[in-house]
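Colleague: this one's structure only:
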């Protein structure tokens, strides 16, 4: 099972176009909704899940307001299995800010294009309530993890994780209510 990550960036016409973050490991796992660490709470469409405080962890363990370091952006989606957790009060590259499950009446894998569109729309909508500033006005960039076809079929994985980062700097402190 695998998880894929894509970043929402702006094109010349201002429309968001996906680019990917590279994997930092050669093995791969998925982000099933039943495998995240710690207690979860749901408000509207956003689920908040506690995660471990530090160390290399599977993407299974990522939860909202979890900070981590990941590879630099690349041009193609790639599989990610582990990230290095960092306490949010310390310098870090990325932060999970929202989580949801892809919902569809069809049980078949919808394909990357549909998952990217769904994840981008969900993550951009979840951005302002978390950060306190509209995405279009922010210095932050939105990225997302979504399940691969094999994770969809083998583990019933439907989890979308929304991630934020700065292209030009690292973060210190949580981006929650930061107005960045």
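Modeller: Received, thanks. Bear in mind that the values here come from a model prediction, so they are computed numbers and not experimental data.
Colleague: how near is the nearest residue to residue 123 once chain neighbours are set aside to residue 105?
Modeller: Excluding its sequence neighbours, the residue lying closest to residue 123 (C-beta to C-beta, 6 or more residues apart in numbering) is residue 162, at 3.7 Å. The way it works is simple: take the backbone N, C-alpha and C, and place the C-beta from them, glycine included. Distance, residue 162 to residue 105, using C-beta to C-beta, to the nearest Å: 23 Å.
Colleague: Looking only at neighbour counts, state which of these two leads.
Modeller: The residue with more neighbours, out of residue 162 and residue 105, is residue 162; 26 against 4, by other C-beta atoms under 10 Å.
Colleague: Pull up the per-residue confidence for the residue nearest to residue 123.
Modeller: If you check residue 162, the pLDDT there is 95.
Colleague: now it: how far from residue 66?
Modeller: Distance, residue 162 to residue 66, by C-beta to C-beta: 11 Å.
Colleague: ok, now residue 92?
Modeller: Distance, residue 92 to residue 66, by C-beta to C-beta: 10 Å.
Colleague: What of residue 153?
Modeller: Look at residue 153 and residue 66: by C-beta to C-beta, they are 27 Å apart.
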